[in-house]
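**Q** Everything below, folded, please.
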Amino acid sequence: MEVRRGDFVTVVGPSGSGKSTFLNIAGLLDAPTHGTYLLDGIDTGALKDADRTALRGRRIGFVFQSFHLLPHRSALENVLLAMVYNGVPRNERARRARATLVRVGLGHRIDALPTRLSGGERQRVAIARALVARPSLLLCDEPTGNLDTKNAETVLALLDELHTEGMTVVVITHDPVVAARAARRVTIRDGVLREVTA
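**A** Predicted coordinates for the structure are as follows:
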């Protein structure tokens, strides 16, 4: 399978089909047992763990269904923490974190704790955290799974905008409405990927 720069791809499949394995390999959290995975032309299987970690930090942003925000840290602090290991100069971090929160529509909630945010707002903080290091690939695992219809639409509209701006977006989902948003759809069953053609 090839995902080109600027693609918006959804990967759809039932539980146990291999979606999480696909995400873990694409996100450099696991190495494939067979085959080769190239990220921006780099053979990731040939990398040492430290190099794979550094590549992941520079090139990949993650958005998860359950947000994974630190509950006792503000929206701003949650986004700032994403830059600690990404080589972003310290004097640039606060400006970039604020700008990214404004970008996702949360400029007015910068100091709010996650417990004071709606589900949609928490997911947008998670998206800001994923974007702040300016990755080339955004991997989303069921990004609307815990959201009501209105908040899900807000998050999907943001993903559409990011794609329109040239971001490569890969969304793992079981929701046909989410899958239909992407220009490319792939199904996975028993670990086998198949492109869906119209």
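**Q** Quick check: Val6 touching Val170?
**A** One correction, residue 6 is Gly, not Val. No. Between Gly6 and Val170 there is no contact, the gap being 11.8 Å when judged by C-beta atoms under 8 Å. In this view, the C-beta of every residue, glycine as well, is placed from N, C-alpha and C.
**Q** Output the below-cut-off pLDDT ranges for this protein.
**A** 198 (pLDDT under 70).
**Q** let's see 80
**A** Residues of the chain meeting the criterion pLDDT under 80: 85-87, 198.
**Q** for it, longest helix please?
**A** Determined from DSSP state H, the single longest helix within the chain is helix 149-164.
**Q** ok and the helix or strand that that helix is followed by relative to helix 149-164, angle-wise?
**A** Remark: after helix 149-164, the chain's next helix or strand is strand 168-173, criterion DSSP states H and E. Strand 168-173 and helix 149-164 are oriented at 150 degrees to each other (axes from the mean of the first three to the mean of the last three C-alpha atoms, to 10 degrees).
**Q** Counting by contacts, list what strand 168-173 packs against.
**A** strand 8-12, helix 19-26, strand 137-141, helix 149-164, helix 176-179 (3 or more C-beta pairs under 8 Å, 6 or more residues apart in numbering; DSSP states H and E).
**Q** and it, which strands flank it?
**A** Sheet pairing for strand 168-173, assigned by DSSP bridges, gives strand 8-12 (parallel), strand 137-141 (parallel).
**Q** Pipe these into TSV and attach mean neighbour count and distance to Gln65 per row.
**A** Output for the strands paired with strand 168-173, formatted as TSV (neighbours: other C-beta atoms under 10 Å; distance: least, C-beta to C-beta, whole Å):
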stretch	mean neighbour count	distance to Gln65
strand 8-12	23	14
strand 137-141	23	6
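**Q** on that earlier part again, have a look at Gly6 and Val170 and say which one is more surrounded.
**A** Counting neighbours by other C-beta atoms under 10 Å for Gly6 and for Val170 shows that Val170 has the greater number, 23 against 14.
**Q** Hmm, Arg4 and that one touching each other?
**A** No. At 11.4 Å, Val170 does not count as touching Arg4 under the criterion of C-beta under 8 Å.
**Q** Only alpha carbons, please: show stretch 5-24 as CSV.
**A** Output for stretch 5-24, consisting of C-alpha atoms alone and laid out as CSV, is shown next (Å, rounded to 0.1, in the frame of the first residue of the first chain):
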residue,chain,number,x,y,z
ARG,A,5,2.0,13.1,0.6
GLY,A,6,-1.2,15.0,1.0
ASP,A,7,-3.5,11.9,0.8
PHE,A,8,-6.6,11.6,3.1
VAL,A,9,-7.1,7.8,3.6
THR,A,10,-9.5,6.0,5.9
VAL,A,11,-8.9,2.4,6.9
VAL,A,12,-12.0,0.5,7.8
GLY,A,13,-12.4,-2.9,9.3
PRO,A,14,-14.1,-4.9,12.0
SER,A,15,-12.6,-5.5,15.5
GLY,A,16,-9.7,-7.8,15.3
SER,A,17,-9.0,-7.2,11.6
GLY,A,18,-5.6,-5.6,12.1
LYS,A,19,-6.4,-1.9,12.3
SER,A,20,-4.4,-1.4,15.5
THR,A,21,-1.5,-3.3,14.1
PHE,A,22,-1.6,-1.2,11.0
LEU,A,23,-1.7,2.0,13.1
ASN,A,24,1.2,0.8,15.3
